[in-house]
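K.L.:
Need coordinates for the following:
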Amino acid sequence: MTDLSLANLPEYQCFDCQGCAACCKGIFTIALSEEEVARIRAQGWEHEPEFKGIKLFMPYGDKLRLNHRKGGDCVFLNSDNRCRIHAKFGADTKPLACRAYPFKHIPTGEGVRIDLRYDCPAVATNFGRPLTALRAELDAMATEVIRGDPVEMAPPRFTEAIYLPWGHAARVTDLFLRLLAAEEFDLTTRVVGCVDAIELLGSLRVDQLDAPSLDILLNTIFQKATASMRMNPLERTAPPAMVLTAFRQHLCLYGREDRWGAKSSFFQRLLTYLRMVDGSGFVPRLRADFPKVPFFILDDPLGIPPDEVVEPIARCLRLRLESMGYFGPNFYNYPLLHGLGALFLTYPMTCWFARAYAVGRKLPAPDADCMARGVQLANHAYGISPVQNLPVERARLANLCKRQTLRKLVAWYGR
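P.N.:
Residues are numbered from 1 along each chain as shown. A predicted model of the protein is given here:
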């Protein structure tokens, strides 16, 4: 087996569990291996009074999952928001899915990289120790979550028909990291520059170049994109009505929080979806803490958000690129180029959600806390929702990620 030590553990991203238990309140399905089911059964929970008449497990396809209590809480979550398994037997005895969250180990063919789930409040707000301080436990976990040898992984797709060597994929990714790091521009302008670079790359056969030639090409694209960023004032032009409708549909599917055991019928979910499509009146309540705000206010011009406000989404974009967690198995098996478009679409999504929370808090514009909340919502379903992988949703995403459409959305909600 290849060395599974981790390649990217940046100082700028931090994490320590705050004990908020948001991840234990019915928003995730914890599928179990046979070994995990046997271990939990051997712990003797069926004999505890708090489990009388309550099943520990429920069927989940050909496996079992942890059960949830009425209202959505994990069957093992106690009144102090602590995991009973963790409290009684230690963290190492919990299911792997619980221990791994919010980390994602990404095998890339050139080693293992770390991505994070930004729907975790601690990740979004950058709470805790730098990831470099967590290396030992993350290295140890890699042996449990990685199956097979990363070096033997098939090369990633660049487009539907073109494959790239892993080294080429890393070089392409570095182009977008360089564009995001161009701090002479505001983040909205940098994201638009990344959208332009995606368009330039899509017309080229980068798979036919050797590494030095690809480096020259990517540097030329970087120069063209930055020159365009200097010259383009990014005037705020309203996207077409059909684009805004599709965008609101996308927001609904990412921002809505469905919980196990919640009293939400199919018809209630359908009504929420239809109200988002309509876009008039007040935004439907996508989740428990979502503010009551009218749609029209969220399209008001607010000016360029300062770097300290957009720090949560800038950090998220940077880490997702560094981890290569934006394409392939980590994002519905999308090719690299298409995954880039979907990644940068999370920027106007985050800004839209942040605007809603700012209005709800009677702020003139989003602050960093609103932006961190927006990052959580925009990443809640990122790469994991089966609904997002349906053909109709893939088609909608492809339309939203077209260059002119995405540029307008970024400028409209990012300025």
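K.L.:
And the pLDDT at P49?
P.N.:
What the model reports as pLDDT for P49 is 88.
K.L.:
for whichever strand or helix holds L345, the distance to its chain's centre please.
P.N.:
Assigned by DSSP states H and E, L345 belongs to helix 336-360. When C-alpha coordinates are averaged (Cα atoms, centre = their mean, to the nearest Å), helix 336-360 and its chain have centres 10 Å apart.
K.L.:
Give me the next element, helix or strand, following it.
P.N.:
Next along the chain after helix 336-360, taking DSSP H and E as the criterion, comes helix 368-379.
K.L.:
which other helices and strands contact that next one?
P.N.:
Using 3 or more Cβ pairs under 8 Å, 6 or more residues apart in numbering; DSSP states H and E as the contact test, the elements touching helix 368-379 are helix 121-124, helix 241-255, helix 307-323, helix 336-360. No exception for glycine: its C-beta is placed from N, CA and C like everyone else's.
K.L.:
Determine which stretch of the ones you listed is the most buried.
P.N.:
helix 336-360 (a mean of 25; mean count of other Cβ atoms under 10 Å).
K.L.:
residues of stretch 57-66 that come out buried?
P.N.:
F57, L64, R65, L66 (16 or more other Cβ atoms under 10 Å).
K.L.:
I misspoke; the intended subject was stretch 145-163.
P.N.:
Within stretch 145-163, the residues scored as buried using 16+ other Cβ under 10 Å are V145, I146, P150, P156, R157, F158, T159.
K.L.:
quick one: which of these is nearest A381?
P.N.:
Closest approach to A381 among these (Cβ to Cβ): V145, at 20.9 Å.
K.L.:
show me where this structure has strands.
P.N.:
In the chain, the strands defined using DSSP state E lie at 14-15, 31-32, 57-60, 63-66, 103-107, 112-116, 129-130.
K.L.:
closest one to T245 among these?
P.N.:
Closest to T245 of those is strand 112-116 (Cβ to Cβ; 31.0 Å).
K.L.:
Just list what that closest one packs against, helices and strands only.
P.N.:
Contact here means 3+ Cβ pairs under 8 Å, 6+ apart; on that basis strand 112-116 packs against strand 103-107, helix 307-323.
K.L.:
P291: which of those is closest?
P.N.:
Checking the helices and strands packed on strand 112-116 against P291 by Cβ to Cβ gives helix 307-323 as the closest, at 18.0 Å.
K.L.:
And the closest one, how far out from the chain middle?
P.N.:
How far helix 307-323 lies from its chain's middle: 11 Å, per Cα atoms, centre = their mean.
K.L.:
Next, the buried residues of stretch 71-87.
P.N.:
Applying a neighbour-count criterion of 16+ other Cβ under 10 Å, one finds G72, D73, C74, V75, F76, L77, C83, R84, I85, H86 buried in stretch 71-87.
K.L.:
how about low-confidence regions in the stretch 51-200 of the chain?
P.N.:
Low-confidence segments of the stretch 51-200 of the chain (pLDDT under 70): 148-152.
K.L.:
again, 80 this time
P.N.:
Low-confidence segments of the stretch 51-200 of the chain, defined by pLDDT under 80: 147-153.
K.L.:
Tell me which residues touch the residue lying closest to P312 once chain neighbours are set aside, please.
P.N.:
The shortest distance from P312 to any non-neighbouring residue, by Cβ to Cβ, 6 or more residues apart in numbering, is to A372 (4.2 Å). By Cβ atoms under 8 Å, 6 or more residues apart in numbering, A372 lies in contact with P121, A124, T125, P312.
K.L.:
wait, isn't the third one in contact with P312?
P.N.:
So that's T125. Yes. At 7.3 Å, T125 counts as touching P312 under the criterion of Cβ atoms under 8 Å.
K.L.:
coming back round to it: what's the closest of the helices and strands packed on helix 368-379 to W166?
P.N.:
Counting by Cβ to Cβ, W166 lies closest to helix 336-360 out of these; the figure is 10.7 Å.
K.L.:
re earlier: quick one: closest of the helices and strands packed on strand 112-116 to S33.
P.N.:
strand 103-107 (16.6 Å).
K.L.:
tell me which strands and helices that closest one is in contact with?
P.N.:
Using 3+ Cβ pairs under 8 Å, 6+ apart, strand 103-107 sits against strand 112-116, helix 135-145.
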